[in-house]
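*Asks:* I'll drop the sequence and a predicted model, then ask my questions.
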Amino acid sequence: MRRAGELHVVGRALPRVEAAAKVTGSIAYADDIELPGMLSCKLLRSHHAYARIISVDTSAARAMPGVVAVITGHDLPVKYGIMPTCEDELALEHEKVRFVGDPVAAVAAVNEETALAACRAIRVDYEPLEAVGSIEQALVPPDDEPIHDYAGPANVHRLAALEFGDVDAGFAKAAHVREDVFFFEGNTHLPMEQHSATAQVVGGKVTLWSSTQDPHYVHRALSKVLGLPMGELRVVAAPHGGGFGGKCDPFSHEIAVCKLALMTGRPVKCTLTREEVFYTHRGRHPVLMWVRTGVDDDGRILAMHFRSALDGGAYGSYGPASTLYTGALQTTTYAIPAYRFEGVRVFTNKAPCGPKRGHGTPQPRFALEVHLDKLAGELGLDPVELRRRNYVKPFTRTVNWLRITSCGLSEVTDRVLEASGYEQRLRRPGHGMGFAVSSYMCGAGLPIYWNRLPHSECVLNVGRGGVTLLSGATEIGQGSDTVLATIVAEELGLGPGDIRLVTGDTGLTPVDLGSYSSRVTFMAGNAAREAGAKMRALLVKAVAEKEGCAAGEVRVAGGRIGVMSFEEAALLAEERFGTLSTRGSYTPPEGIGGRYKGAGVGPSPAYSYSAAVVDLDADERSGEIRVNKVWLGHDIGRSINELAARGQVEGGVYMGLGEALMEAQAYRDGLLRQPSMLDYKSLTFLDMPEVETILVETVDPEGPYGAKEVGQGPLLPVIPAVVSALHDALGVWVDEVPITPDKVVRVLSARSKGKEPRYGPKGFPEVPYPALVKVAPPDAATASL
Amino acid sequence: MLRLPPCSYLRPGSVDEAAELLAEHGETAMLVAGGTDLVPKMKRGQMEPELLIGLGHLAELRAVTETEEGGFEIGAGVTLAAVSGSPRLAAAYPAYTRAAALVSSPALRNVGTIGGNLCVDTRCNYYDMSFEWRQACGFCMKKDGDICRVAPASKRCRAIASSDTAPAAIALGASVVLAGPGGRRREVPVDDLYRDDGQYFLAMAADEIVQSLRLPPAGSWGSAYVKVRRRGTIDFPLAGVAVALRRSGLLVEDCRIVLTAVGSRPFDVSPAAGPLLGRELTAEVLAGADDLLAEVANEAAKVAKPLDNADLHYVWRKQMTRRAVEQAIVEAASCLPAPGGPA
Ligand SMILES: Cc1cc2nc3c(=O)[nH]c(=O)nc-3n(C[C@H](O)[C@H](O)[C@H](O)COP(=O)(O)OP(=O)(O)OC[C@H]3O[C@@H](n4cnc5c(N)ncnc54)[C@H](O)[C@@H]3O)c2cc1C
Ligand code: SF4
């Protein structure tokens, strides 16, 4: 591996390759697609939270001038879902609707107005059922039938019960044991771009352009539901206006436009309204959590027991994975010798939850970090010191078998503490600072459905068209195009702007699982690097032969291959070797996780580490919180583009603060409370504090040039650091996010009445956990790699 | 995206012509100025005019003039941005310009007008929703339904008066000139524009147009507007308090307090300021000594009866109303002309 000093473009703070097109408005997002003869599609959605469909009468809609086709659930009767274990969705429901917003019919018409009017003309006869609105309610036998018949008992979707090491023995030895309960309200992604999909049929073959994060999974779902071979379908991820996990599932509108295009022979587009985006959701699960930790006299963790209950909403989505994620990464920051996790996900009559930035881990991270703060307080230990005593060491294996490689936890801690002056902070009324750490994966170790394909593949072509990288990865605003272009440019001695990218197109690009789980830089990046290195070798070899020198003497940089320009070298190499096309692929190594049931969630080829310090002022009277500044230290392995990396950190802090302070996908009587950008509160420019980003480079042995992830991790420590800072400021604990000012005022007034200075859930419900799956932890030899 | 339902648009040549058109088309017509309130509501089906009568192009509504008696007359079509950016107006009527500056966001203030702001619809989170959402909810009295969802026993709609500038205008003793068909004009105090009914919240006739706002001479009044909301921008008020104060020598001679967003109309609760009259607003009093401000604030906020139809907990909104009253008094005091200065 080349050392830092030898890198030419990797690590520099260059503008992102697609930035100019985005800021000048020339980029064509999915909704900008206009095709000749195109029809507009609208979905009719349920206005019942839970009801049986008695009948659907589309005759009036069909008779309307301008309406070209109307479909219902009978036209798309095949169930699908992102996870093979819970394929419980229909593009259009024809038996039951399970939340307000569940799609029932789709119309293709000459324009959106007509399509909407036709939707309103469809008569649906419903028989309302008793809706389930909370985790507690979902755990007891329902008044009516369960939401899904494949689940149960009651409305339980998924249960997990795992134990690593002897937890009871750990607690028995503990000098102190503490228990806490926390609640994390659900929230949504709020991308700037609403989902949009356009389908076109040419010669019997369907092309779908969609604002999706993973065209490969959409491709599979389309093939299944439409009953067409994958070769007759092409899914193109259109330039993207923000994903954050909200565009990771195959969706009704994507399937409906394909079906309608096949039926009408005309292109069909469906763009969701902002309100529909809230219903499409797949956002952060509301999670109730209970955690119990035993420590010795020095504050070293001996055992931990973590329980989570997830409100999944109406469908499976990524739910089984989400459930396990709420228990998987506690061990990647702290060395926990004995660990028990029990999780449950329930169905309720709300928009389905799924993955959002940090998938399943921000909730337990919030609980765990605040719990440790309280534990430190009880022990009279400094909360930072308590953490440091328990930090995992690099190149070790956790009790749940996760392989830790590079780990900059201590460095990010030192750096944020030093930059923020946390330890020397001055005391003034209402002012507080809080600290927390976290870690995140660099790509899931396993694909979502079982297959042996590489997780990322790419093809690199050099010819008269210049340098073209074909990769299935999808730019969703996270900077993946820039990362891939930079890596190829580095290998070929060019600039990122010299690389043409063809990405996220199942018809043209080789497979890539998509843009989720922070996997692109690590996985597609490694694949691109391999293809680049192979291409470089060909060019160098051709030049060395011609010049009669050793390959090692040919310098590749600044648009030159040795004495030749890149173009001359490319021509020479093509004359010598034929078509210049190289390939690269990436498959995570074996043995990065365990072998138990449930071991598929958590393993990753590397983990990023983050630490945050939040500085805020809180008003005793109004409960209003003003965040003054956030310091965020992030172990990124190596930044491929420093500017893009800082942007990701700032975006993560932004989202974390929003979740900590105001964002909530909340319901009242089965109806979403705030399905608009005015009422769903997220930070505005005026609420966003300064962020000081500190990038720590630990140079991971397996990441491309040592790079790890930065798209999701930096969000995680922000939320508990806010809670901790509020406690520092006012001396109260708010064990429920978002921390809105009314909650703060309530806890302050409770304290003034002599009650416990805490706002949060009172307890954790009874859950019918299955028998624990007991997993022996790795032995000492395996545990230190 | 949400589409604007089809409707006709007429561009009258004058205010008089606009009033004639309103009278002629009755209930099916609505005025549109900046459209920042009306257009989103039409998209959500909350308002369904068949005809829009445009005011935005009328130069006669866009003048700001000094009146003979030394006050100001501001045309209804003047934008919120123009008002909040005017140093002359800010010096004389800080409560009013501050209120205008706190409405929504810069982009909306560039098109939103002061006339539209006075007539802005009342708000409720059972009502400010799309047609589909309201259908799912079963509709409510204010539009398409027959009961109030937030207060089912209520005989009237309890939607919330949400204009930021109205309470400031009332506290400053402003009036509006209303134009009716046939060249009819009448001037009424701003306070008389409103009714305590979320559905029928405007007291003016259906064929009347707000032509201008008349602000009396600023004299020795100091004023302030304090807005409670979740974020630094864009949000509607969860409570708003305008205070105008006048001293005689060092002692408070007059104090007006007007609340918004705590009921279906702005409330003039000036009698609550009684204990301040004849008192000196010393630094101690303003800092909370004697609980004088708290006493005034408690009394002033008595009318506030927030319900669960806006952002955050209603108990908190009531608590914040009190605090905003105190803050507004303190701020108004800070911009009083020095005693003995120009009267
Ligand atoms: C996201 C968002 C946030 C907002 N936040 C706020 C806020 O914080 N505070 C606030 O006060 N408002 C807020 N508004 C509402 C609105 O933008 C302002 O009230 C604005 O001043 C309305 O003026 P306009 O000219 O756009 O009114 P329009 O939308 O044109 O009209 C509003 C109403 O007034 C009537 N009308 C307009 N002009 C006249 C006239 N001359 N005579 C009689 N009737 C007339 C119209 O028929 C209509 O019913 C917000 C709106 C949005 C979309
Ligand atoms: S207060 Fe009642 S009637 Fe009025 S808008 Fe709200 S729910 Fe409807």
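*Replies:* Done, it's in. Ligands and ions are numbered 1, 2, ... in the order given.
*Asks:* rest of the way, CA atoms for contacts and neighbours
*Replies:* OK.
*Asks:* Could you report the neighbour count for residue 32?
*Replies:* Just so you know, I chose chain A. 12 (other C-alpha atoms under 10 Å in any protein chain shown).
*Asks:* sorry, should have said chain B
*Replies:* Neighbour tally, residue B:32, other C-alpha under 10 Å: 19.
*Asks:* Please list all residues in contact with it.
*Replies:* B:38, B:52-56, B:116 (C-alpha atoms under 8 Å, 6 or more residues apart in numbering or on different chains).
*Asks:* thinking residue B:264 is in contact with residue B:161, fair?
*Replies:* Yes. Residue B:264 is within contact range of residue B:161, at 4.7 Å (criterion: C-alpha atoms under 8 Å).
*Asks:* Spell out which residues of chain B are next to ligand 1.
*Replies:* Applying C-alpha under 6 Å from any ligand atom, we find that chain B lies next to ligand 1 at B:30-38, B:76, B:103-104, B:108, B:112-117, B:119-120, B:162-164, B:209-211, B:234-237.
*Asks:* Which pLDDT value belongs to residue 216?
*Replies:* Going with chain A. If you check residue A:216, the pLDDT there is 96.
*Asks:* Oops, wrong one, chain B.
*Replies:* The model's pLDDT for residue B:216 equals 98.
*Asks:* Next, the contact list for it, please.
*Replies:* B:69-72, B:172-174.
*Asks:* Buried only: go through the residues you listed for me.
*Replies:* Neighbour counting with 16 or more other C-alpha atoms under 10 Å in any protein chain shown marks B:71-72, B:172-174 as buried within the contacts of residue B:216.
*Asks:* averaged over its residues, what pLDDT does the longest helix along chain B have?
*Replies:* Using DSSP state H, we find that the single longest helix of chain B is helix B:314-334. The pLDDT scores in helix B:314-334 average 97.
*Asks:* thinking again about what came up before, keep only those of the residues of chain B next to ligand 1 that are in helices.
*Replies:* B:38, B:108, B:114-117.
*Asks:* which of those are buried?
*Replies:* B:38, B:108, B:114-117.
*Asks:* Any chance of those residues in JSON lines with pLDDT and distance to residue A:394 as columns?
*Replies:* Output for those, formatted as JSON lines (pLDDT from 0 to 100; distance: C-alpha to C-alpha, whole Å):
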{"residue": "B:38", "pLDDT": "98", "distance to residue A:394": "60"}
{"residue": "B:108", "pLDDT": "97", "distance to residue A:394": "53"}
{"residue": "B:114", "pLDDT": "98", "distance to residue A:394": "63"}
{"residue": "B:115", "pLDDT": "98", "distance to residue A:394": "66"}
{"residue": "B:116", "pLDDT": "98", "distance to residue A:394": "63"}
{"residue": "B:117", "pLDDT": "98", "distance to residue A:394": "61"}
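*Asks:* And stretch A:19-37, end to end?
*Replies:* 32 Å (C-alpha to C-alpha, to the nearest Å).
*Asks:* Contacts for that stretch next, please.
*Replies:* A:195-198, A:209-211, A:238-241, A:266-267, A:271.
*Asks:* could you pick out which of those residues are near chain B?
*Replies:* residue A:271 (C-alpha under 8 Å from any C-alpha of the partner chain).
*Asks:* Where does pLDDT dip in chain B?
*Replies:* Across chain B, residues meeting the criterion (pLDDT under 70) sit at B:340-343.
*Asks:* Residues of it that sit close to chain A?
*Replies:* Residues of chain B lying near chain A (C-alpha under 8 Å from any C-alpha): B:1-3, B:5, B:125, B:129, B:132-133, B:135-137, B:231-235, B:311-313, B:316, B:320, B:323.
*Asks:* Let's see that with 6 Å instead.
*Replies:* B:1, B:136, B:232, B:316 (C-alpha under 6 Å from any C-alpha of the partner chain).
*Asks:* Let's have the residues you listed in a markdown table, adding neighbour count and secondary structure.
*Replies:* Output for the residues of chain B next to chain A, formatted as a markdown table (neighbours: other C-alpha atoms under 10 Å in any protein chain shown; DSSP: H, G, I helix; E, B strand; the rest coil):
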| residue | neighbour count | secondary structure |
| --- | --- | --- |
| B:1 | 13 | coil |
| B:136 | 17 | helix |
| B:232 | 16 | coil |
| B:316 | 19 | helix |
